[in-house]
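Enquirer: Based on what follows, work out the 3D shape:
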Amino acid sequence: MTSAPDTSRLRAPARRVARAAVTVDVLDVDEHAALVADAAAGAVVTFAGVVRDHDGGRGVDDLRYVAHPSAADVLARVVAQVAAASAVDAVAVSHRLGDLAVGDVALAVAVSAAHRAEAFAACARLVDEVKAQLPVWKHQRFADGGAEWVDCP
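Expert: Numbering: from 1, shown residues only. Next up is the predicted model:
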């Protein structure tokens, strides 16, 4: 079933990729939201993937993200594909590498669109596709002294 064209808009969705980055820099979700600002956008949806203090019933002290050399290219492709397939005005996505503490942002996503439904849907799809496709490994260090590698597609 195809939906009717959005006649509320003055112009077609821009589908702009404002950022697709794999970085060691601290991530700021508000900065990502500013990058996707657009006069046509009635909604800006953000997501912060934050390091939590537990996993699998064990306390997490901290973790390290390590990426395959292709990670930046994979992220750029994923973000471009989702933007092209969605009625969004702009998207910005960054994944952090290196050592992160509990509470640090590991994944920042921002999406602007004319309407909230499109913005929420595109944001959720971006998070899901990044988690599924980005070649990044997470090394968790636990409070009990143990450690494990997880999360590479």
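
Enquirer: quick one: the helices in the protein?
Expert: For the chain, the helices defined by DSSP state H cover 29-35, 71-84, 116-133.

Enquirer: Of these, give the one that comes closest to His139.
Expert: Counting by CB to CB, His139 lies closest to helix 71-84 out of those; the figure is 15.3 Å. C-betas here are computed from N, CA, C, even on glycine.

Enquirer: buried ones in the closest one?
Expert: Of all the residues in helix 71-84, those buried under the rule 16 or more other CB atoms under 10 Å are 71-72, 74-76, 78-79, 82-83.

Enquirer: Compute the first-to-last residue distance for stretch 93-105.
Expert: Across stretch 93-105, the terminal residues are separated by 12 Å (CA to CA, to the nearest Å).

Enquirer: now it, how far from the chain's geometric center?
Expert: 12 Å (CA atoms, centre = their mean, to the nearest Å).

Enquirer: in it, what counts as buried?
Expert: 93-97, 100, 104-105.

Enquirer: Could you tell me how far the closest residue to Ala37 other than its chain neighbours is located from Pro13?
Expert: Closest residue in space to Ala37, ignoring its immediate chain neighbours: Ser112 at 6.6 Å, by CB to CB, 6 or more residues apart in numbering. Separation of Ser112 from Pro13 (CB to CB, to the nearest Å): 9 Å.

Enquirer: Need the residues touching each of these two.
Expert: 88-89 (CB atoms under 8 Å, 6 or more residues apart in numbering).

Enquirer: Between the two, which has more neighbouring residues?
Expert: Higher neighbour count among Ser112 and Pro13: Ser112, with 29 against 21, using other CB atoms under 10 Å.
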